[in-house]
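Trainee: starting from these lines, generate the structure:
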Amino acid sequence: MAGEKGRTFGDVLRRRRRELDLTQGELAETIETSTPYVGLLESDQRHPSDAIVSKLADALGLDRGELFFLANPDTRELLKTESQSTKAASAWEQFQADQKLHRLHNVTPDEMGMLQRVALMGEIGSARDFVYILNTVRQALSR
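Mentor: Sure thing, here's the model as predicted:
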């Protein structure tokens with residue numbers, strides 16, 4: 001399924017079902033649903049539950065994760081965003097704990113509050129990035 005770029009959930013189901021020489025009725029019976037529902041899934045007219053995706057993956061010998069992402073294409077992007085947020089939170093935790101860095105740059109409590117709000121945006125890659133942001137803000141406010 002790795003090379004399935006551009007193919008829909010329904011396309012993959014239909015192709016794999018045919019490769020296994022199964023009818024829609026046989027597949028429906030295996031996953032404990034109706035034949036018309038399998039047809040709707042194959043024509044991308046219905047969105048399957050996670051339980052159905054799991055049953056389909058087992059019945060068709062497909063990777064559950066990949067099939068889930070085909071059924072829920074926006075999820076992969078959401079996971080990337082969450083991963084970036086986790087990275088930013090980690091960078092914030094490192095910056096927050098680095099008292100030496102705070103003293104070196106004379107970071108005030110108000111500036112820490114501002115930087116904490118910046119961290120919530122989820123785009124900070126390292127603790128040093130906070131120093132850069134802080135210096136940029138300081139320059140902007142001194143004009």
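Trainee: read off the pLDDT value for residue 133.
Mentor: Residue 133 carries a pLDDT value of 87.
Trainee: check contacts around it.
Mentor: By CB atoms under 8 Å, 6 or more residues apart in numbering, the contact set of residue 133 is 115, 118, 124. C-beta here means a position set from N, CA and C on the backbone, and glycine is covered the same way.
Trainee: out of those residues, the closest to residue 53 would be?
Mentor: residue 124 (34.6 Å; CB to CB).
Trainee: so that closest one sits right up against residue 134, yeah?
Mentor: No: assessed by CB atoms under 8 Å, residue 124 is found out of contact with residue 134, at 11.5 Å.
Trainee: these two: which is more packed in?
Mentor: Taking other CB atoms under 10 Å, residue 124 and residue 134 do not tie; residue 124 has more neighbours (24 against 20).
Trainee: and that one, how far is that from residue 135?
Mentor: Remark: distance between residue 124 and residue 135 (CB to CB, to the nearest Å) = 14 Å.
Trainee: also residue 63?
Mentor: For residue 63 relative to residue 135 (CB to CB), the value is 47 Å.
Trainee: now residue 11
Mentor: Taken as CB to CB, the span from residue 11 to residue 135 is 52 Å.
Trainee: and if you look at residue 33?
Mentor: Going from residue 33 to residue 135 by CB to CB gives 60 Å.
Trainee: equivalent analysis for residue 12, please.
Mentor: Taken as CB to CB, the span from residue 12 to residue 135 is 50 Å.
Trainee: in terms of neighbours, single out the busier of the two.
Mentor: Counted by other CB under 10 Å, residue 12 and residue 135 do not tie: residue 12 has more neighbours, with 20 against 11.
Trainee: could you check which helix or strand contains the more buried one?
Mentor: Assessed by DSSP states H and E, residue 12 sits inside helix 9-19.
Trainee: hmm, who's touching the following helix or strand past that helix?
Mentor: Next helix or strand after helix 9-19 toward the C-terminus (DSSP H and E): helix 24-30. Residues outside helix 24-30 that contact it (CB under 8 Å, 6+ apart) are 17, 22, 34-35, 37-39, 42, 55-56, 59-60.
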